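Peer 1: any chance you can model this:
(one chain, ligands or ions: 1)
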Amino acid sequence: MRKNIALLIITTALLFSGGCKKFEKPGQLKDPGIALTFDDDRVDNWFQYLPMLDSANVKATFYVCKYNRFTPEQKQKLAIIQSHGHEIAFHGTNHYNMMDYVYRYKHTIDELVKCEVVDGLKLMNRDGFYPITFAYPYGAHNGLYDKMLMRYFKSVRALNGGNDFSKSLASTEKNEVLYGLGIDKSSKRSDVNVIDVVKSAFNNNTCAVFVAHDINTGKALSVTRERLEKIFWHVKKLGLKYYTISEISN
Ligand SMILES: [Zn+2]
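Peer 2: Numbers count the residues shown, from 1 in each chain. Here you go, the predicted structure:
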């Protein structure tokens, strides 16, 4: 009898010690990483730098607006970008400031949704693009819009205009509202500053969400090739993952 009890204790101990796994909360990020996002309608420019993104194994998110003005060639370029594993997301039909459209120019919320969301999405859907994440033009939003847009998208991205970088570090893969940190020339951030945010994502097991527009055009709303390459170098060195926005959206 005593022998049987001893055997039971040993078997139980073995079972539990062998099967003990690290506990992960549902929705928590498995790996630290960065989400690189590009806004607007600069498909020719993005396409030009596609080989650079590919060679660094980047998976980026392109928030597209003004799709109604794209030429067939530009639509084709966007399809190629998508086929390389990048996410094509939505950034408004006409790039209107959504707060002004309603509160300043006195349109209804229904008019806003039809004009700036539904009409533009329809055009993209017709050509085989099905955006499931959204970025606000100019980052202009409020809580009501965030809730309303959840009917169409898995997440909305606004801008982090302040100095609290932690706002741009997503700690779960179930986000509804994200705050992108600008890395264009206009952001006036230094390379050191941007790389510190990348390191912070690594140290805190979060995903840093960055926003740029053009690549290397020298304009204010443009990120330099050098800066992007510095980011890629640190991502590789730290073993970070490139997340597309839908991968960290609810
Ligand atoms: Zn924009």
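Peer 1: just say helix, strand or coil for the residue of the chain found nearest the ion.
Peer 2: In the chain, the residue that lies nearest the ion is residue 39 (4.1 Å; CB to the ion). To be clear about C-beta, it is placed using only N, CA and C from the backbone, and glycine gets the same treatment. What DSSP: H, G, I helix; E, B strand; the rest coil gives for residue 39 is strand.
Peer 1: tell me the contacts of the nearest residue to it once chain neighbours are set aside?
Peer 2: Spatial nearest neighbour of residue 39, excluding adjacent residues (CB to CB, 6 or more residues apart in numbering): residue 63 at 4.7 Å. Taking CB atoms under 8 Å, 6 or more residues apart in numbering, we find residue 63 in contact with 37, 38, 39, 40, 89, 90, 91, 133, 134, 135, 157.
Peer 1: how close does residue 63 get to residue 111?
Peer 2: Separation of residue 63 from residue 111 (CB to CB, to the nearest Å): 22 Å.
Peer 1: ok, residue 84 next?
Peer 2: 36 Å.
Peer 1: ok, now residue 133?
Peer 2: 23 Å.
Peer 1: those two: who's more crowded?
Peer 2: More crowded of residue 133 and residue 111, by other CB atoms under 10 Å: residue 133, with 27 against 13.
Peer 1: return the distance of that one relative to residue 208.
Peer 2: Taking CB to CB, one finds residue 133 at 17 Å from residue 208.
Peer 1: enumerate the residues of this protein near the ion.
Peer 2: 39, 40, 137 (CB under 5 Å from the ion).
Peer 1: specify which member of those is nearest to residue 179.
Peer 2: residue 39 (13.8 Å; CB to CB).
Peer 1: got the phi and psi for residue 86?
Peer 2: phi -90, psi 160 (degrees, to the nearest 10).
Peer 1: what sits closest to it if chain neighbours are left out?
Peer 2: residue 60 (5.1 Å).
Peer 1: who are the contact partners of that neighbour?
Peer 2: Residue 60 neighbours (CB under 8 Å, 6+ apart): 36, 37, 38, 53, 86, 87, 242, 244.
Peer 1: specify the beta-bridge partners of the second one.
Peer 2: I take that to be residue 37. residue 61, residue 211 (DSSP bridges).
Peer 1: list the buried residues in stretch 71-78.
Peer 2: Residues of stretch 71-78 classed as buried: 74, 75, 77, 78 (neighbour count, 16 or more other CB atoms under 10 Å).
Peer 1: let's have those residues in TSV, adding pLDDT and secondary structure.
Peer 2: Output for the buried residues of stretch 71-78, formatted as TSV (pLDDT from 0 to 100; DSSP: H, G, I helix; E, B strand; the rest coil):
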residue	pLDDT	secondary structure
74	98	helix
75	98	helix
77	98	helix
78	98	helix
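Peer 1: pull the most distant pair out of those residues.
Peer 2: 75 and 77 (7.3 Å).
Peer 1: and residue 149, how many neighbours?
Peer 2: For residue 149, using other CB under 10 Å, the count is 22.
Peer 1: and it, what pLDDT?
Peer 2: Reported pLDDT at residue 149 in the predicted model: 97.
Peer 1: quick check: it vs residue 86, distance?
Peer 2: From residue 149 to residue 86 the distance is 22 Å (CB to CB).
Peer 1: for residue 196, which non-adjacent residue is closest in space?
Peer 2: residue 165 (7.8 Å).
Peer 1: relative to residue 167, how far out is residue 197?
Peer 2: From residue 197 to residue 167 the distance is 11 Å (CB to CB).
Peer 1: where exactly do the helices run in this structure?
Peer 2: 2-18, 43-48, 50-55, 72-83, 98-103, 109-112, 119-126, 143-149, 191-204, 225-238 (DSSP state H).
Peer 1: including distance to residue 215, could those go into TSV?
Peer 2: Shown next, in TSV, are the helices of the chain (distance: least, CB to CB, whole Å):
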stretch	distance to residue 215
helix 2-18	50
helix 43-48	6
helix 50-55	8
helix 72-83	12
helix 98-103	26
helix 109-112	31
helix 119-126	22
helix 143-149	27
helix 191-204	15
helix 225-238	7
